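Chemist: Fold the stuff below for me.
(chains A and B)
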Amino acid sequence: MSLISIQFAIFMLILLTVYYLVPGKHQWKVLLAASLCFYVFAKPVYIIFILTSIAVTWYLMRKPTRARLIWTIVINLGILIVFRYSVYFGIHDLLVPLGMSFYTFMTLGYALDCYDRKIEPCDNLFHYALFISYFPQITEGPIGTYQDMKDRLIAVHRFDRDNIIKGGYRVIQGLFKKLVIAGRLSYYVDTVYGNPKAYGGLTLIAATFFYAIELYADFSGYMDIACGISGMLGIKLKENFMRPYFSKNVPEYWRRWHISLNEWFSTHLFMPAVTSGWNKKISKVMYKIFPKAKKGTIRMIFPMIIVWITTGIWHGAEAVYVAWGVYFAVIMLLSVCTAAWVKSFSEKIHWKADRLYARIFQTVRTFVIVCLGEVLFRSETLSDAFHVYKGIFTDTRINAASVIGALTPFGNGNQAAASVIIIALLIGGLFVTELMAEHNEKAFMKHRCVYAGVLMVVTVLFGVAGQSSFMYQAF
Amino acid sequence: MKRIIITILISIFIITGAVASKNLYSCRIPIKNRGISDAIASGDLDLLFIGSSTFRSNVDMHLLDDAYEGRVYDISYGGNQCVATSIQYDEIKSRSDHDYGLMVFEMGPLMITEDVKLSDSRVIWDLSLKGKLDLYNEMRKAGNTDASVAYEYFITSGMDDLITYPVTERIYATRYYKGSKTDATQSPGAEVLDSEEFDISDAMPNEAQERAVRDIIEKCKRDGQAFVFLESPVYYRLGEDPVYKKYEERFIRLLKEEDAPYILASEADFDDHLAEYFEDMNHMSDAGRKAYTRELIRILKDRQN
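Modeler: Next up is the predicted model:
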């Protein structure tokens, strides 16, 4: 059952009615039943895997010993690897259970936190089952932590009109991003990236720019819908995006994009790797080679490489995802290693980082770096990605033919001009509203009603029908 | 709460207004150089072409203007659909009192294999609500509709053009003349055309499209409307394809059965091996368009004499 469907709207109406009618102490049971129903609607057989993961992890982590932790990791990661990566070993008929990557990470996070004594193991199997299977976040996250979610999920939530209104607003915003922005751009991006060799540099630049917007609109659109419906139930989910395209450098971008996944990696992979014995030994050797480098910087190098390659592989084992991980590892390392040099150079040329021109430059630079990385993320093969890079950097002609060529993927020429105008207005509108929210969120929220009205009209009139699946569901 | 209700009501009002404008009045919005309304506004015509993008690319209206003293028009938004052509015929007849000396319908062999669908959303602008409903019903009968298709058909399709009309209409008007293309499209060259991949091996005859051809013939005969089906030349690689030839023969057989006049591509003295004449397999370049139109004028004049 997609979050964008009539069935889901009916499901939510029934759920909200029942949820607020039953006594508060039973509300979490209604949520658990609804979450399992939601999962069964996707494909009944999927329920076996999530229930197995829930039961095994809960049982083993009641007494979190090292051996039990290893078993939990082996079983959960084992199931994930079999389903996610079997295709690379020639097995093509295994369908990946809905949200498996996301709930596996939540499960592992819970197990590691229990083992590290950061949290008390959950004493109620059904409470734990609700934490893992909570339906708004099961498909694409956010990857919630047990300490954040346990009280919210179990607490009594009285009907609050404000929650319904705020949640409704987030849902409208999400639908707009998904159905209008992502839906419309996907046509152009799919056409160009489906056969990049057929297009010139300008078209490839446009498609890459559109893809960056599409990916953000699709993924953050889902998050808006998920946060909105959860908000209607009185349960606040973790925000996964904070207007990432206004970041001034790449590390900041990654603190504002897919926040929950990056925090998970930071907590459970990066920090343990930084403080590990093997990293200390390697750092000592590195420090002898680069005696002028800061110790802190050197200790981050290998953990960062590991985290980024793992992040790449989490998205898929194809070479493009690994290359994407390596690309961002290199960018992040450059950013960290050159920070001191850049600072002193900026001072020398009297570059004031807080001035408007500097902020615009930094934001645009970061966006361009991210877009170039996303070429790898979107391309089907490394050869395609190479062709896109080659086109972008070598085919820089801007003339009538290249402009007409760039319009072609909008569909047949009869609607190209109208499509360009509408898409420019939509992207402009999205960025302006995000910029307004970035600068003065309170003032922006005051006029939310008007904004929601405009979004409703635009979504109904310009939305692409039949768009029910989200890009990150594939991961 | 009051603000929310007001916002919702205003939103519904705007949405209803935009949807009603599109579905009820799009055919009355003045469009220059394209479509049924502009054709009707042109008055009595000696020649009226009704077809798809093939007609748009392959017929030069300036040359026809000279030959027929400006009494010509090309309606080219049927999206390769005989079904749409049939509905467009009804639309013209119901909305126009003008005389049309000869109606020229497109005879693309693969048109009788096309799925009944909305393949050129511009047709939505051309049709009145009745025409839109007729086309939608044909799509429904063919099993090509669901909720998302209905939504696209009646709500979003053509909405870009409606909202941007004051700006885009002026741009479009420069690209067409009496429904035909004006831009000097160049051929990509023999190397590209000879290596271009196309696969029509799974084309299957579509009963609905064949029925629409019979309907067009029947309606023309009933109305006393002179007509002819016209097959445009295609690049030799497509023209010599056995599947293409099979459906060409099938189309001819259908027209013979109904005793309908037709002009075959082979009747024109036109070199379909000359890559310079083609933009792709079945759309002509500017040079091809001009060369073919001269031949077409000769054939039509010969027939009329």
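Chemist: which SS class is B:Ile171?
Modeler: helix (DSSP: H, G, I helix; E, B strand; the rest coil).
Chemist: mind listing what B:Ile92 touches?
Modeler: B:Ile36, B:Ala39, B:Ile40, B:Leu48, B:Ile50, B:Ile75, B:Tyr100 (C-beta atoms under 8 Å, 6 or more residues apart in numbering or on different chains). Bear in mind the C-beta positions are built from the backbone N, C-alpha and C, glycine included.
Chemist: I'd like these as CSV, with neighbour count appended.
Modeler: As requested, the contacts of B:Ile92 are exported to CSV (neighbours: other C-beta atoms under 10 Å in any protein chain shown):
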residue, neighbour count
B:Ile36, 25
B:Ala39, 26
B:Ile40, 18
B:Leu48, 25
B:Ile50, 27
B:Ile75, 28
B:Tyr100, 22
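Chemist: export those to TSV and tack on distance to B:Asn305?
Modeler: Shown next, in TSV, are those (distance: C-beta to C-beta, whole Å):
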residue	distance to B:Asn305
B:Ile36	30
B:Ala39	26
B:Ile40	29
B:Leu48	20
B:Ile50	24
B:Ile75	26
B:Tyr100	19
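Chemist: Closest one of those to chain A?
Modeler: Comparing the contacts of B:Ile92 against chain A with C-beta to the nearest C-beta picks out B:Ile75 as the nearest, at 13.3 Å.
Chemist: ok, the closest one touching B:Leu47?
Modeler: No: using C-beta atoms under 8 Å, B:Ile75 makes no contact with B:Leu47, being 11.4 Å away.
Chemist: Can you list the residue ranges for strands in the stretch 151-300 of chain A?
Modeler: Using DSSP state E, counting those that start in this stretch, the stretch 151-300 of chain A contains no strands.
Chemist: just so I have it, where are all the helices in it?
Modeler: Read by DSSP state H, counting those that start in this stretch, the stretch 151-300 of chain A holds these helices, from start to end of the chain: A:161-175, A:183-194, A:201-232, A:250-256, A:259-265, A:271-274, A:277-289, A:295-315.
Chemist: what's the closest of these to A:Ser133?
Modeler: helix A:201-232 (13.4 Å; C-beta to C-beta).
Chemist: ok so, going back, and the helices of the stretch 151-300 of chain A, which is most packed in?
Modeler: Of the helices of the stretch 151-300 of chain A, the one with the most neighbours on average (mean count of other C-beta atoms under 10 Å in any protein chain shown) is helix A:201-232, at a mean of 24.
Chemist: burial count for the residue of the stretch 1-150 of chain B found nearest chain A?
Modeler: Of all residues in the stretch 1-150 of chain B, B:Ser148 sits closest to chain A, at 3.5 Å by C-beta to the nearest C-beta. Residues lying near B:Ser148 (other C-beta atoms under 10 Å in any protein chain shown) number 14.
Chemist: which residues does it contact?
Modeler: With C-beta under 8 Å, 6+ apart, B:Ser148 has these contacts: A:Ala465, A:Gly466.
Chemist: cool, A:Val368 as well?
Modeler: Applying C-beta under 8 Å, 6+ apart, no residues qualify as near A:Val368.
Chemist: helix or strand for it, which one?
Modeler: Using DSSP states H and E, A:Val368 falls within helix A:356-378.
Chemist: What angle do helix A:183-194 and that helix make with each other?
Modeler: 60 degrees (axes from the mean of the first three to the mean of the last three C-alpha atoms, to 10 degrees).
Chemist: Got phi/psi on B:Phe229?
Modeler: phi -100, psi 140 (degrees, to the nearest 10).
Chemist: For the stretch 51-200 of chain A, which residues score under the pLDDT cut-off?
Modeler: Across the stretch 51-200 of chain A, the ranges flagged by pLDDT under 70 are A:89-95.
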